[in-house]
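# this is the structure alone, sequence omitted:
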């Protein structure tokens, strides 16, 4: 299970102030992950989503929509290429896995929902980089989105420099035990825990955008919604 933060009782305005002017940390319990494996994974997925999968080098990622046969949006996702698989980050893992599985016919492709194996944290704010540097896990980040690899007390972690035009925003992913340890370390280093309510308000004001162009909504998507 993803780590659960127990923040001090701060007003929403105080939490947003930390996000905008210092550093804030929040769990990411609503994000799911699907691992795509098999010899045909690149060719097959390239025909299933709206961006180019075959152009991704290991560690690189891009934002996509998954469409049905009529070209209507069913889900959105970010795809990250690895040496032996492709990771799909989405808030609709179950729906997306069902949709994609329907189109595996004679292809050497396997889909595995690995959401339960992973836990994540958002670290955001002008001081986010310095906080990560204090912990010794920050590396110079390439253009977003991309998976960067580091370690924390011997455990592997993945760092995503997420799209956020106003303030630096990072996602940290690892096993639940490591993320729980990182949560404590980040708050000790000075990051302010923020509640889901404060994070929702920040997203409503487009302060922390996960994807290029902002949060996907029925009025903002460039394709019709099913």
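Thanks, I have the structure now. All values reported here derive from a predicted model rather than from experimental measurement.
# run a quick neighbour tally on residue 204.
With neighbours defined by other Cβ atoms under 10 Å, the count for residue 204 comes to 9. Any C-beta I mention is one placed from the backbone N, CA and C, and that applies to glycine too.
# what about it, distance to residue 16?
Using Cβ to Cβ, to the nearest Å, residue 204 is found at 11 Å from residue 16.
# kindly report the same for residue 198.
Counting by Cβ to Cβ - residue 198 and residue 16 are separated by 6 Å.
# what of residue 174?
Applying Cβ to Cβ, the value for residue 174 to residue 16 is 27 Å.
# which of the two has more neighbours?
More crowded of residue 174 and residue 16, by other Cβ under 10 Å: residue 174, with 24 against 19.
# any chance of the backbone angles for the more buried one?
Phi and psi for residue 174, reported as degrees, to the nearest 10, are phi -160, psi -160.
# need the per-residue pLDDT for it.
Residue 174 carries a pLDDT value of 96.
# so it makes contact with residue 117?
No - with contact defined as Cβ atoms under 8 Å, residue 174 does not count as touching residue 117 (9.8 Å).
# so which residues of this protein form strands?
Using DSSP state E, the strands of the chain run over 24-27, 32-37, 61-67, 73-81, 86-90, 110-113, 119-124, 147-152, 155-161, 169-174, 192-193.
# same list, those, but as JSON lines with distance to residue 52 please.
JSON lines is the format used below for these (distance: least, Cβ to Cβ, whole Å):
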{"stretch": "strand 24-27", "distance to residue 52": "31"}
{"stretch": "strand 32-37", "distance to residue 52": "15"}
{"stretch": "strand 61-67", "distance to residue 52": "7"}
{"stretch": "strand 73-81", "distance to residue 52": "10"}
{"stretch": "strand 86-90", "distance to residue 52": "13"}
{"stretch": "strand 110-113", "distance to residue 52": "20"}
{"stretch": "strand 119-124", "distance to residue 52": "26"}
{"stretch": "strand 147-152", "distance to residue 52": "17"}
{"stretch": "strand 155-161", "distance to residue 52": "19"}
{"stretch": "strand 169-174", "distance to residue 52": "23"}
{"stretch": "strand 192-193", "distance to residue 52": "38"}
